[in-house]
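Asker: please find the sequence and the predicted model below.
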Amino acid sequence: MMGAFFAVVRRDLALSMGSGGGAGLGVVFFLSVVTVLPFAVGPDLVLLARIGPAILWIGALLASLIGLERLFAADAEDGSLDALTLSAMPLELTAAAKGLAHWIATGLPLVVAAPVLALMLNLEPAAIAAVVLTLLVGTPAVTFLGLVGAAFAGAFRRGGLLIAVLVIPLTIPVLIFAVAATTSAVTGPVPFDTPFRVLLGLALFSVVLGPVAAAAALRAARG
Amino acid sequence: MTGFSIAALTGDKLSCRRGFKPLFRDLDLTARAGRALVVTGPNGAGKSSLLRLLAGLLAPSAGNVRLSGGPEEGGLREHLHYLGHDDAVKGALTVAANLDFWRQVLGPTGSDVEEALDEVGLGGLGRLRASVLSAGQKRRLAIARLLVSQRPIWILDEPTTALDVKAQAQFAAFGRAHLAAGGILVAATHAPLDLGEADELNLSGRAIPLRTEEFDS
């Protein structure tokens, strides 16, 4: 069964790397948001440093949603989803494997790009470390929550909009605690640990429940 | 091939409706090991829906599908291959990578990738991107999926679409070999397929006319 799990991860990675879209697109979007922002806010370094973590997180959150609407839809259209459901592997694990591949292809590059972009926003080293750490924990949460929307989009054959409407509200707690953790790392008064542990909890919660909900959505669509 | 232990795939009082349109009602059928069940009927008679229903990809509005005689009663989907209209081939991957993926996902219990490609007449094309294959070649690649993973039940929806005459005959030979090994085979087809002795289920006589009261109920 693990063979099937990693086969799905490998295939989805190969597909998102190979077709030129996926991975690169998210990072470019992230880069554009962060680059454009200082022009809009103006050359106030203190202000930039204060709102920097929030900007990085909003950029990463939206970039994480890119490509999600095709995650199951592409497989539903070419018949792959039918054959995938015939695997001995439960549909929940298939969904989890697709989520993992999607995170490696789009979430992980955001984490890697974040420190470079943070420099552009005049973040101090402690804040950069905190942003990277929260992104490392928080982007999997966003991706796996996004699986639910992706499954609906795949099941109902249209749903770019559905993703935004369904998924963004679910990710608000992740955003709140991630930015709170970064802020407390720099200014206090709460220790970094407190909001960060809540974020860890949210991440574990979504990594487990996201695939279960996604599989339920795919099954329900079978009518 | 070794013999399979599942004796029959049975549908009891199956009913199916798509949207408002009832397709068939109280349909009983049995596909026995070693004997093909060919589903025929005009377009729109519900052949594809019936096959999806047997494969567990669609829930019947009434009735149920069960296996008999196997050691593992229940887990229907792990015992069957479903070959639908779509080939489930990813154009961005190579031919061999496509097939190897399905071998891993469906269980590597059949022939290996090279062997299966040779058998369906795609030998030597393994390293090509699947997007360059013709429609018939993609179909052959989908058929190779039946060979890389051994499963007792084959559910085939118009399996020979886009295949040339020689490939159709070859496909029929795969079907006969599967039946000879004690497999179960259900196929919907318009083209006559030489699967040896076969039962026929004609859906045309069962089509339920669309009446206005169906909308009221």
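Answerer: Here it is on my side, so go on. Remember, it's a predicted structure, so these values are computed and weren't measured experimentally.
Asker: show me what counts as buried in the lengthiest helix in chain A.
Answerer: Longest helix of chain A, by residue count under DSSP state H: helix A:125-155. Buried residues in helix A:125-155, counted by 16 or more other CB atoms under 10 Å in any protein chain shown: A:127-155. (Glycine included, C-beta is placed from N, CA and C.)
Asker: residues from chain B in reach of chain A?
Answerer: With CB under 8 Å from any CB of the partner chain as the criterion, chain B meets chain A at residues B:55-59, B:77-78, B:80-82, B:84-90, B:92-93, B:97, B:100-102, B:104-108, B:145.
Asker: pull out the buried residues from these.
Answerer: For the residues of chain B next to chain A, a burial check counting by 16+ other CB under 10 Å picks out B:55-58, B:77, B:80-82, B:84, B:86-90, B:92-93, B:97, B:100-102, B:104-108, B:145.
Asker: give me the phi and psi for the residue of chain B found nearest chain A.
Answerer: Closest contact between chain B and chain A, by CB to the nearest CB, is at B:Asp86 (2.8 Å). Note on B:Asp86: backbone dihedrals following degrees, to the nearest 10 are phi -90, psi 140.
Asker: my guess is it contacts A:Asp75, does it?
Answerer: No: under the contact definition of CB atoms under 8 Å, B:Asp86 does not touch A:Asp75, with a separation of 10.1 Å.
Asker: quick one: find the helix or strand in chain B with the lowest mean pLDDT.
Answerer: None of the helices or strands of chain B scores lower by mean pLDDT, DSSP states H and E than helix B:213-216, at a mean of 42.
Asker: how about B:Leu195, secondary structure?
Answerer: On the three-state scheme (DSSP: H, G, I helix; E, B strand; the rest coil), B:Leu195 is labelled coil.
Asker: show the contacting residues for it.
Answerer: B:Ala36, B:Val38, B:Ala172, B:Gly175, B:Arg176, B:Leu179, B:Leu185, B:Ala187 (CB atoms under 8 Å, 6 or more residues apart in numbering or on different chains).
Asker: just confirm the third one is within a helix.
Answerer: Yes: the secondary structure assignment for B:Ala172 places it in a helix, going by three-state DSSP.
Asker: distance-wise, check the nearest residue to it once chain neighbours are set aside relative to B:Arg35.
Answerer: Leaving aside its sequence neighbours, B:Ala172 sits nearest to B:Asp194 (CB to CB, 6 or more residues apart in numbering or on different chains; 4.6 Å). For B:Asp194, the distance to B:Arg35 equals 14 Å [CB to CB, to the nearest Å].
Asker: more crowded one of those two?
Answerer: Comparing B:Asp194 with B:Arg35 by neighbour count (other CB atoms under 10 Å in any protein chain shown), the higher total belongs to B:Arg35, at 16 against 13.
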